[in-house]
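A.B. asks: Mind looking at a prediction? Sequence and model below.
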Amino acid sequence: MVGGKLHLRADSPMIYEELIKIIPSSATAIGLIIGLVQYRRAQIWKRMEFAASLVRRVASDNELTLAITFLDWRHRHFVVPDKYKPVAAGHLQFCHSHEALARVFSMSSRENLPETGMLDLKPEEITLESMIYIDIFDRFFEYLEEVNSFIEMGLVNKADVKLLSYWANRIVNLKYTQTYIFVEYLKYYELNGVLALSHVANC
């Protein structure tokens, strides 16, 4: 006892008893931290892999690829996709243009259906080209809606799907003669996920 305080020698049995009590709890804490770090890394890796699979789907899905090609080209001849050949009346190609795209997605090309109260293409606007455009882009919109829902659920990071955000941005901002081609269509059919995803490209 020195100055009212208990001092233990290094070889005192009490020191070893205290160390024996402390070491297991410290080891447990360190093991827990290591486990949490490894778990976090695994979660990030899984999230990035999932995001990469979403991006890769564009290249592996012919309809999604075709939608992007329609956005890229203002005017070009395309081979009629196989699924439309039975109704193509022998046509092997069709002429794509942003002018035709704007007409198909214009709300003025639609009329109210009495049986549903919803807008749909007027009979005179129903052509092979309009069927292809609507089918292809509705599929693309559905895909982008799905991606945006994954972002909102926290399953995908915005930065990991920046390329898809770019295409959503292209859709929202594509114009023909100073008129947005898709915006009114997206709003009418409440495709808000596409609109939201387009903003990610600017973040």
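C.D. replies: Right, received. Where do you want to start? Residues are numbered from 1 along each chain as shown.
A.B. asks: thinking Y176 is in contact with A102, fair?
C.D. replies: Yes: at 3.8 Å, Y176 counts as touching A102 under the criterion of Cβ atoms under 8 Å. Just so you know, the C-beta spots here come from the backbone N, C-alpha and C atoms, and that holds for glycine as well.
A.B. asks: helix, strand or coil for H77?
C.D. replies: Here H77 takes the strand state, with states given by DSSP: H, G, I helix; E, B strand; the rest coil.
A.B. asks: check contacts around it.
C.D. replies: 93-96 (Cβ atoms under 8 Å, 6 or more residues apart in numbering).
A.B. asks: for the protein, where's the lowest mean pLDDT among helices and strands?
C.D. replies: Using mean pLDDT, DSSP states H and E, helix 13-60 stands out as the lowest-scoring helix or strand of the chain, at a mean of 66.
A.B. asks: shaky segments in the chain?
C.D. replies: Residues of the chain that meet the criterion pLDDT under 70 lie in 1-45, 200-203.
A.B. asks: middle-most residue in it, spatially?
C.D. replies: The residue lying closest to the centre of the chain (Cα atoms, centre = their mean) is V147, at 2.7 Å.
A.B. asks: hang on, the earlier thing: between the contacts of H77, which is nearest T127?
C.D. replies: Distances from T127 to the contacts of H77, taken as Cβ to Cβ, are shortest for F94 (9.0 Å).
A.B. asks: Okay, helices next: where are they in this protein?
C.D. replies: In the chain, the segments counted as helices under DSSP state H are 13-60, 62-72, 98-105, 128-152, 162-173, 183-188, 192-200.
A.B. asks: any chance of those in JSON lines, plus distance to M118?
C.D. replies: Putting the helices of the chain into JSON lines (distance: least, Cβ to Cβ, whole Å) gives the following:
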{"stretch": "helix 13-60", "distance to M118": "29"}
{"stretch": "helix 62-72", "distance to M118": "23"}
{"stretch": "helix 98-105", "distance to M118": "15"}
{"stretch": "helix 128-152", "distance to M118": "14"}
{"stretch": "helix 162-173", "distance to M118": "22"}
{"stretch": "helix 183-188", "distance to M118": "9"}
{"stretch": "helix 192-200", "distance to M118": "17"}
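A.B. asks: of all the ones you listed, which lies closest to Y84?
C.D. replies: Closest among the helices of the chain, using Cβ to Cβ: helix 128-152, at 6.0 Å.
A.B. asks: what packs against the closest one?
C.D. replies: helix 13-60, helix 62-72, strand 93-97, helix 98-105, helix 162-173, helix 192-200 (3 or more Cβ pairs under 8 Å, 6 or more residues apart in numbering; DSSP states H and E).
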